[in-house]
Every structure is written in C-alpha cells, then in structure tokens.
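J.: prediction below, plus the sequence it came from.
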Amino acid sequence: DGWGETIPAATDAETYYVWYMVKGDGNHADTAPDCTEVIIEKADMVVGVEGYEDNYDGAAHGITVNVTKPSDNYTISYGTKEGTYDLTTAPTYTHASDETNTVYFKVSANGYNDHTGSASVKISKRPVTVTADDKSTTYGTETEPLTYTVSGNIIDGDDLSIQLDTEASASKPVGEYPITVSYDTTKTDYAVTTVQGKYTINAADITVTASGYSGTYDGAAHGITVETSGDDTVTVYYSTETELNDENYQTAGSTENPTRTDAGTTTVYYYVSSQNYDPTSVHGSKDIVISKAEVGTPTVSMNGYTYGGDVPTPSISDFPGGGAVTYYYNTVDSTESGTQWKDVTSTTLNADEYFMYAVIAESDNYNAYTTATTSFTVDKADQSPDSITPPVGKTGLVYNGAKQELVEAGSAAEGTMLYVLGSDA
C-alpha cells in the first residue's frame, strides 16, 4: 500500500529504507519488493565563541557563542564543568579574581551534530592609584582638609573607604609631615597603589620688641623686657657677660632673665630662638639703668647750751642708705662755707646764735643730701665771783686843781671792768 511512481524524499537526518518493486505489465509479473538503505547524515554547525578578559568594571561578563549555521532553531546549553551542560544561560562573572573561569557550552539543532566548546572569562583587578595631595599651612593655623587624586577611576557605586592621615596640626613645629593613604583592603576588585603626600608647616611671622629699664632705686629687682608675638615654643636666652649669637646662645646664655636691684647700669644681651617663626632668631641688647634715689628730707637737730657748759651732740632724723653724716655750723643762715662740727669744746664757740646743718654723703643707692639749717644759741655764762677783783676807793686825796682817779682799778677775768660816776651809793 502506498506504492507509487514518485521517488521518496526526506529532510531530517536519519537512516531511511526505500522499498521498491517493479509492477509487471500485461506480459510480466510483479517483482518481489526489495529495499535499499539511505542515510541523511547530520550536518556540522558553524559556531564561534568569544571569551572575555579585562579589568574589573562593575559589570557582569560571560562568554559569547555565535552560531551562524544553522541560523535558527538551535539551543545552547552551558556548564562550568566539562561534559556537563546544565545551564540554559551563560554564567557571568563580575568580580576580579586570580582564577580564570572556563565556561563550557553545547549547541544542539535538529539535523546537526552537537557542537561543544569552551571559552574563558578572566576579570583582573582594576588598577587604581590614589595620591594624597600636598598641603601647606602656616605654623599655628588650623590645618587644611586633606584631599586626594585618583588615577584609574573608581566605578560608580563602589567605595574603597579611602582615608588620609597626617601628624601635622596647628601645634606641630615647622617641618614636613607625611600624608598617608589607607583604604578598605577587603575591596579585592581593585589593585590599589597609594602615593603619600606631604604636609608642609611653614614658619609664621614673628615680631620681637625689647625694652630696657630706666628708673630710680626702689629696692626692687628690675630687668629688661623681651616680648614676642610667638607662642611658648619661642625661647629667650639672656647673658650679662657676652653678646649672644647663633653659635653660643645655648652655651653662653640662660633662659633666666637677669635683674639688677642696686643703682648702676647692667647691659643684658638677649637672643630669641623661634624655630617656628620667621625670622628664626633675633638678638640684641638692652640696659638696666637704676639711678640713685634721694634720701628724702631728713632734718638736723641741735640744742643750744651755755658758754662753758656741757656741749650737746647734734642729731639727724632717720634716712635710708646709711650714708655718712657730717655736721657743720655757720654764723649765718647758710649751708655754704660752714665749719665742720669737730672737737668742739664748751668754750670753742662764743656766746651767740649759730646755724647747724648736716651733709649726708652719697651711698651705693642714694645721692648726697644737705639738710636745711637749724639755729642754736650759745648763751652767756654768769660771772663767777672769784673772777672779779672790785675797785678800792683811794684815801688821802686833796684837791689840786687836776682830775684824780678816785679808785684803784679792779679786774675781771671773764669780762671788762666798767666804771661810772654816780651821785650817791
């Protein structure tokens, strides 16, 4: 049944059996059916595959299988083990790895031999260089925010937690400080190279004002004054012995400011060391000048006395300094050309009014001083009876027409005998 004169045709690749017979004509009998085996072989496919090799870019990547024959009606299955094709879509890889990922594939289509193959996916770490930007500020000022520059961009959405650190601060001395770079090392998709920067703290400007001291002795200690606009890192060295310079200020100088109390002049050399400032050193000298003080207005005292009596001692009111006192007397109210009060006895001065003053000699810390005068009186003493010989009237006088002395002369050891003629006794 189904025999016909049309030659059988087939499309699919497989083994076919074509039966044939000869239908006899009116003179011949039919032949016995016989068959022949015909095979349509499966065709080979034309397949290409592309692997992937590049640096991490945040995207997923896999292999690409390109089938050009057949043009359709084929299926591709994938696997990560050779001979196993249990995935309907190609596996992809996103993150960097030291491993090379091999993806196996099989292309199947009706009428074609299966085509198998493999390709690799290699995602390397993305190279990134993080460079800390150099910074600089002036000593004593707040540091600037730290920044960095990235070469080889970081993929959007990724965070390497880059951190910068430096020891530089407003209180750090002048110099260069490294700026270090750190990052999250668990971010293994990147090969990070760090380049440290430097933070430079430059010297600040400084002003130095030095002044000496000039005053009058007051018993207090005085020194020079050296003031700077710098902070406590500035050190001032002093010396009264030698001028200070860059070579000797630490050996010849002292940080203790010398003082002077007594009257006189002291030259103080100073050296300002300011490594965090510009200029780094300032030196010079100033004087401590203390003039002698006045003793005030002490007064002299002198009591009067009677000629020939006890001679009092002059005195002076209290005064500072301990200067030697010399007393002088004068016959006029003057502090000039007086006579030194020395070895005066009860009869050195005649009875009269005198003027006493004192001269205080200059001392270490006080000027000389001459007091005002004070008067004192040497009173007359009473005549002693033993010093007088009274006159004795003469006897036997007879008128002779001439003047005649009426008494024998008397005498007085402590004065002059005076006479007068009276009318009666």
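T.: Happy to help now that I have it.

J.: list the contacts for the residue nearest to G393 when sequence neighbours are not counted?
T.: Computed as C-beta to C-beta, 6 or more residues apart in numbering, the closest residue to G393 that is not its neighbour in sequence is V407, at 5.0 Å. C-betas here are computed from N, CA, C, even on glycine. Contacts for V407 (C-beta atoms under 8 Å, 6 or more residues apart in numbering) come out as P391, V392, G393, K394, Y419.

J.: just P91 next, same as before
T.: Contacts of P91 (C-beta under 8 Å, 6+ apart): G62, Y78, T80, N101, V103.

J.: and N73, by the same measure?
T.: So N73 contacts A109, N110 (C-beta under 8 Å, 6+ apart).

J.: what's across from N66 in the sheet?
T.: Here N66 sits in beta bridges with G48, going by DSSP bridges.

J.: ok, back up a step: which of the contacts of V407 fall in helices?
T.: Among the contacts of V407, none falls in helices (DSSP state H).

J.: now, which of those residues sits nearest T251?
T.: The closest of the contacts of V407 to T251 turns out to be Y419 (C-beta to C-beta; 97.5 Å).

J.: burial of the residue lying closest to S136 once chain neighbours are set aside, as a residue count?
T.: Using C-beta to C-beta, 6+ apart and skipping residues adjacent in sequence, the residue nearest S136 is T200, 4.0 Å away. Residues contacting T200 under the criterion other C-beta atoms under 10 Å number 15.

J.: how about the one 10 residues further on?
T.: Other residues near A210 number 18, with proximity taken as other C-beta under 10 Å.

J.: what sits closest to it if chain neighbours are left out?
T.: Nearest to A210 is V226, by C-beta to C-beta, 6+ apart, at 4.8 Å.

J.: show me what contacts the one you found?
T.: V208, T209, A210, V236, N257, Y270, V272.

J.: hmm, the first one is touching E227, no?
T.: What it means is V208. Yes: using C-beta atoms under 8 Å as the test, V208 is close enough to E227 to be in contact (7.4 Å).

J.: gap between V208 and Q275?
T.: 14 Å (C-beta to C-beta, to the nearest Å).

J.: more neighbours: the two, which one.
T.: Taking neighbours as other C-beta under 10 Å, V208 and Q275 compare with V208 leading, 20 against 15.

J.: so what's the residue count around T242?
T.: Other residues close to T242 by other C-beta under 10 Å number 10.

J.: could I get the contacting residues of it?
T.: Counting by C-beta under 8 Å, 6+ apart, T242 has contacts N248, A252, Y269.
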